[in-house]
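Colleague: this one's sequence-less:
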């Protein structure tokens, strides 16, 4: 299960990839984390997929991360008397709270929050922005607009309101039910859709209660305006470029992506770049060259992970898409390693012992270099901190907590395992040498570097940096004594 790359792959599970053998093929092709998209599928579907992933995890004896993606509030027009209406550029058109089927002059839009938030000059975007309306006037029950372009508006198409902060929670009643179900299953990450402010993440955290890590999906202009505050309270961030590209001009999205990734790198928070990365592979066995460049750009920017949506969930070539993404990542990382100045860390360091140890280790890795950094962690913070130094030396992360091990499966450069807590420093050295050897992180004459805290098992005490040559430790240890270094299988 050792990857020869650092950037991780999130693969969405769906109708094209739900069977155990299909999920296994995705993992072997390169998937590191599986996404369960609760915008689609029943609880029964997701439970079956979850169980298949956990069975595969036990078979492979390697932690696998599972991300639950909540649907969030979906704003939609109602139905039309004929199923659709033709819209002419420049015509007047109204949206209202009347559930009567619409026609060429009006449509039901049964979301009072919209009428409370919009003002003259605001935009209403329908069907992923294919139709654009500017608000002329608005009451508590009706909005009068002018159509900015011609097109067809039809039943249940989505509505975006990019210029207003809507007075609604990012968590719908459906989301709360889905959240409770996912937490009962035991998912590792919760992705919250349509985040507008840091308060949305704080509301979710109160419900989750530490049972999973929280991912903020950035899809709205209001979230960009509060970017630093959202990053500060979230455990990770997803650049959800689909809706972001609807609510903001498409030409702004590449710059926003770079800015968000940079801000997450500075804060030391994992960041996923998502949506339409290999879109053509939904129906084609190969991507466009532009799509390959898009994935590589995320790698160059330093994203922790890149994500496949419909490509792996409902496309004709899910395994090929994962394999292709893995190849693009590997090529991009080889290019970066030839140009080390492009991969320089932008992590903001604080004046504490952990930062001092990790900064010193980065310099050490450039001199030796070691085959692996073995990070002992209870909460995951040491491994996260090491990963965001962006040293090309892989991080072999060892933790007694299977939930932490699964959470770290998303993080750049981390090979995460669950194992028993070492009894003391000598036991730590032996375990490190044995596991590095077992997992392929060994090379003749080259050391590993151990990063840990003493006393052993106390979170937040990273203060130990130790050079160890595995072959020397193993040569001096009887085979029977190496059994103490065997890690536990994930629960």
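Modeller: Received, thanks. Just so we're clear, the structure is a prediction, and the values are computed from it rather than from any experiment.

Colleague: how does this structure divide into domains?
Modeller: 8-73+170-337, 84-160, 353-485 (automatic domain parsing).

Colleague: same question for the longest one, mean pLDDT?
Modeller: Pointing back at domain 8-73+170-337 there. The average of the pLDDT scores along domain 8-73+170-337 is 97.

Colleague: and what of stretch 85-102?
Modeller: Here the average pLDDT along stretch 85-102 is 98.

Colleague: what does it rub up against?
Modeller: Here stretch 85-102 makes contact (CB atoms under 8 Å, 6 or more residues apart in numbering) with 77-81, 103-110, 112, 114-115, 124, 131, 133, 136, 141-154. No exception for glycine: its C-beta is placed from N, CA and C like everyone else's.

Colleague: longest single helix anywhere in the protein?
Modeller: What stands out as the longest helix in the chain, according to DSSP state H, is helix 318-338.

Colleague: ok, then the element right after that helix?
Modeller: Reading on from helix 318-338 to the C-terminus, the next helix or strand found by DSSP states H and E is helix 353-367.

Colleague: for that following helix, buried residues please.
Modeller: For helix 353-367, a neighbour-count test (16 or more other CB atoms under 10 Å) marks 354-355, 357-358, 361-362, 364-365 as buried.

Colleague: before we move on, the earlier item: which residues touch the longest helix of the chain?
Modeller: Helix 318-338 has contacts (CB under 8 Å, 6+ apart) with 4-7, 9, 11, 16-17, 22, 25-26, 29-31, 277-278, 281, 285-287, 292, 295-296, 299-300, 306, 308, 311-312, 315, 342-343, 392.

Colleague: in PyMOL, how would I select just the buried ones from those?
Modeller: In PyMOL, a selection of the buried entries from those looks like this (16+ other CB under 10 Å):
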select buried, resi 5+6+7+9+11+16+17+22+25+26+29+30+31+277+278+281+287+292+295+296+299+300+306+308+311+312+315+343
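
Colleague: from the contacts of helix 318-338, which land in helices?
Modeller: Checked against DSSP H, the contacts of helix 318-338 include these in helices: 22, 25-26, 29, 292, 295-296, 299-300, 311-312.

Colleague: okay if I get those residues as a markdown table plus distance to residue 215?
Modeller: As requested, these are exported to a markdown table (distance: CB to CB, whole Å):
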| residue | distance to residue 215 |
| --- | --- |
| 22 | 24 |
| 25 | 25 |
| 26 | 20 |
| 29 | 23 |
| 292 | 26 |
| 295 | 20 |
| 296 | 23 |
| 299 | 20 |
| 300 | 22 |
| 311 | 19 |
| 312 | 18 |
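
Colleague: state the pair within these that is farthest apart.
Modeller: By the measure CB to CB, 22 and 300 form the most distant pair in the ones in helices among the contacts of helix 318-338, at 30.9 Å.

Colleague: nearest to residue 447, of the ones in helices among the contacts of helix 318-338?
Modeller: Using CB to CB, those come closest to residue 447 at residue 299, 28.0 Å.

Colleague: before we move on, which element is residue 115 in?
Modeller: Counting by DSSP H and E, the element that carries residue 115 is helix 112-117.

Colleague: same check, this time on residue 53
Modeller: Going by DSSP H and E, residue 53 is part of helix 43-60.

Colleague: tell me how far that helix lies from the chain's centre.
Modeller: Centroid separation between helix 43-60 and its chain, computed with CA atoms, centre = their mean, to the nearest Å, is 19 Å.

Colleague: same question for stretch 299-312.
Modeller: Taking mean C-alpha positions (CA atoms, centre = their mean), stretch 299-312 and its chain are 8 Å apart.

Colleague: endpoint to endpoint, it covers what distance?
Modeller: End-to-end distance for stretch 299-312: 20 Å, by CA to CA, to the nearest Å.

Colleague: where's residue 452 relative to residue 268, distance?
Modeller: According to CB to CB, to the nearest Å, residue 452 stands 19 Å off from residue 268.

Colleague: now do the contacts for residue 194.
Modeller: Residue 194 touches 72-73, 170, 217, 219-220, 243, counting by CB under 8 Å, 6+ apart.

Colleague: equivalent analysis for residue 151, please.
Modeller: By CB under 8 Å, 6+ apart, the contact set of residue 151 is 86-87, 127, 130-131.

Colleague: show the buried residues in those residues.
Modeller: Buried among the contacts of residue 151 by 16+ other CB under 10 Å: 87, 127, 131.

Colleague: tell me the spacing between the last one and residue 302.
Modeller: Spatial separation of residue 131 from residue 302 under the definition CB to CB is 37 Å.

Colleague: returning to what we had before: so for residue 452 and residue 268, which residue has more residues nearby?
Modeller: Under the criterion of other CB atoms under 10 Å, the comparison of residue 452 against residue 268 puts residue 452 first, with 25 against 19.

Colleague: let me know the pLDDT of that one.
Modeller: Residue 452 is given a pLDDT of 87.

Colleague: and it, what helix or strand is that in?
Modeller: Per DSSP H and E: strand 448-453 holds residue 452.

Colleague: counting by contacts, list what that strand packs against.
Modeller: Using 3 or more CB pairs under 8 Å, 6 or more residues apart in numbering; DSSP states H and E, the elements in contact with strand 448-453 are helix 353-367, strand 373-376, helix 381-387, helix 425-438, strand 462-468.

Colleague: in a markdown table, list those along with mean pLDDT and distance to residue 184.
Modeller: Formatted as a markdown table, the helices and strands packed on strand 448-453 follow (pLDDT from 0 to 100; distance: least, CB to CB, whole Å):
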| stretch | mean pLDDT | distance to residue 184 |
| --- | --- | --- |
| helix 353-367 | 77 | 34 |
| strand 373-376 | 94 | 30 |
| helix 381-387 | 90 | 26 |
| helix 425-438 | 92 | 32 |
| strand 462-468 | 86 | 33 |
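
Colleague: of all these, which lies closest to residue 186?
Modeller: Evaluated over these, closeness to residue 186 peaks at helix 381-387, with 20.5 Å, by CB to CB.

Colleague: report the angle between the helix or strand following that closest one and helix 425-438.
Modeller: Counting by DSSP H and E, the element after helix 381-387 in chain order, helix or strand, is strand 395-399. With axes from the mean of the first three to the mean of the last three CA atoms, to 10 degrees applied, the angle from strand 395-399 to helix 425-438 works out at 130 degrees.
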